[in-house]
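>>> What follows is a predicted protein model with its sequence.
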Amino acid sequence: MQRLCIFLYKNASDRIRTRALLCHAYHHALHDRFHQARDLFLMSHLQETINLTDTNTKILYNRAMVQLGLSAFRHGLTRETQNALLEVFTSGKIKELLAQGIVQSRFGEKDPEQEKLERQRQYPFHMHINYDLLEAVYYTSAMIQETAYMASESYEPRRRPISKPFRRLMEIHRMQLFTAPPENTREHVAQATKALLQGDWRKCQQYIFAIKIWDLLPNKAKIFEMLARKIQEEGLRVYMLSYGNLYENVSLERLATLFELSPSAVQSVLSRMIYNEELHAALDPIAGVVVLQRTDPSRLRALAMQYAEKVRT
């Protein structure tokens, strides 16, 4: 593959070189060489000119980006997974963008010639990227990235969401009067997010691991180990953002026991939160505690305190 692509880079036209680069990146991502595939995209600056190419090249670009996102997930890089899959999922036309299906228009019939061209561009079934697996990877990564931000909305309500499709999923879940046991991928992720926001990271793991589509991933045990660690760390972040202002200091050993993490991992997570200004605190490694700094209460808490004071008097 390397030899053939280098030959095309040197001798082919611009369009063929672009398609060769996309196939090269797809090949790297498919074989878990995420960093090589990412470097090809970064060095080519293809993201800036892809809209000027033909439709078939755009489809190949979408498929390469999706495969890059899957490769990032297998490496435990949830932020890179979000970056790779966000554009495809935000569009709401995943099957069309990957040439794996035709969605009928709601507002009118398509031109017969246009529909014929779309059908000719469809990939055969054996080349399809599994949609359910994509959905599980995207929403699980979004849960890991977004849950702490959702927990801190009382402090920073203007924070821009990372994943709008994930936020819409959670809004729909909140509006349901009755919640049945989860049956599909989205329901499993929504229930897992709800459990994580309530501090129950073990139940969150159970919901995520119960998604059956993970069987399609190679090294399933290794990926489950990665997800378990990510959920534990995210549970720690949610806990500190939700309840940190109730403490003056918290023992690192206590947090390590509560979330079944090593003290060094707890210290690493808290240091990252302090550096990113998510948590107003200071680490005291000698005493083995994190010292919380008092911050101004949110508007809701200030009103609640005023109400409690009036009731008391």
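Structure received.

>>> What are the contacting residues of stretch 234-248?
Contacts with stretch 234-248, where a contact means CB atoms under 8 Å, 6 or more residues apart in numbering, come from 143-144, 147-148, 151-152, 155, 196-197, 199, 201, 204, 250, 255, 258-259, 261, 266, 269-270, 273, 278-279, 281, 291-292, 294-295, 297. Where you see a C-beta, it was placed from the backbone N, CA and C, and this is true even at glycine.

>>> for stretch 189-204, that is, sorry about that
136, 139-140, 142-143, 146-147, 150-151, 169-170, 173, 179, 182, 205, 207-208, 211, 231-232, 234-235, 238-239, 242, 259.

>>> Apply the buried test to the residues you listed and list what passes.
Those of those that meet the buried threshold are 136, 139-140, 142-143, 146-147, 150-151, 169-170, 173, 182, 205, 207-208, 211, 231-232, 234-235, 238-239, 242, 259, by 16 or more other CB atoms under 10 Å.

>>> Give me the secondary structure label for residue 282.
Assigned by DSSP: H, G, I helix; E, B strand; the rest coil, the conformation of residue 282 is strand.

>>> Whichever of the contacts of stretch 234-248 end up buried, select them in PyMOL.
Buried subset of these, written as a PyMOL selection, criterion 16+ other CB under 10 Å:
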select buried, resi 143+144+147+148+151+152+155+196+197+199+201+204+250+255+258+259+261+266+269+270+273+278+279+281+292
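
>>> Out of the contacts of stretch 234-248, which sit inside strands?
The strands, defined by DSSP state E, take in 250, 281, 291, 292 from the contacts of stretch 234-248.

>>> Could you pull up the residues touching the closest residue to the first one other than its chain neighbours?
Same thing as residue 250. Closest residue to residue 250 apart from its sequence neighbours, by CB to CB, 6 or more residues apart in numbering: residue 290 at 5.3 Å. Residue 290 sits next to 249, 250, 252, 255, 270, 281, 282, 283, 284 when contact means CB under 8 Å, 6+ apart.

>>> So what pairs up with residue 290 in the strands?
In this entry, residue 290 is beta-bridged to residue 250, residue 283, by DSSP bridges.

>>> Need the per-residue pLDDT for it.
We note a pLDDT of 86 for residue 290 in this prediction.

>>> With the one 3 residues further on instead?
At residue 293 the predicted local confidence, pLDDT, stands at 77.

>>> Ok, residue 301 next?
68.

>>> switch to numbering from 755
Yep, numbering from 755; the last one is residue 1055 now.

>>> Residue 971 is in contact with residue 977, correct?
Yes - look at residue 977 against residue 971 with CB atoms under 8 Å: they come within range, at 5.6 Å.

>>> what's the overlap in contacts for these two?
Common contacts of residue 977 and residue 971, defined by CB under 8 Å, 6+ apart, comprise residue 828.

>>> Mind naming the longest helix for this protein?
Across the chain, the helix with the greatest residue count (assigned by DSSP state H) is helix 974-997.

>>> Can you list phi and psi of residue 882 for me?
The phi/psi pair for residue 882 (degrees, to the nearest 10) reads phi -70, psi 140.

>>> How about it: what's its closest non-neighbour residue?
Closest to residue 882 by CB to CB, 6+ apart is residue 854, at 5.0 Å.

>>> ok, now residue 891?
Nearest residue to residue 891, sequence neighbours excluded (CB to CB, 6+ apart): residue 827, at 4.8 Å.

>>> and that neighbour, what element?
Assigned by DSSP states H and E, residue 827 belongs to helix 809-828.

>>> end to end, how far does stretch 1037-1047 reach?
End-to-end distance of stretch 1037-1047 (CA to CA, to the nearest Å): 11 Å.

>>> Pull the contacting residues for residue 974.
residue 968.

>>> Let's see the pLDDT reported for it.
pLDDT, residue 974: 86.

>>> repeat for residue 1067
Reading off the model, residue 1067 has pLDDT 68.

>>> what comes up buried for the strand or helix carrying residue 850?
Using DSSP H and E, residue 850 sits in helix 848-851. Using 16+ other CB under 10 Å as the test for burial, helix 848-851 gives 848, 850, 851.

>>> between the next helix or strand after that helix and helix 809-828, how many degrees?
The helix or strand immediately downstream of helix 848-851 is helix 866-874, counting by DSSP H and E. For helix 866-874 against helix 809-828, the angle by axes from the mean of the first three to the mean of the last three CA atoms, to 10 degrees is 40 degrees.
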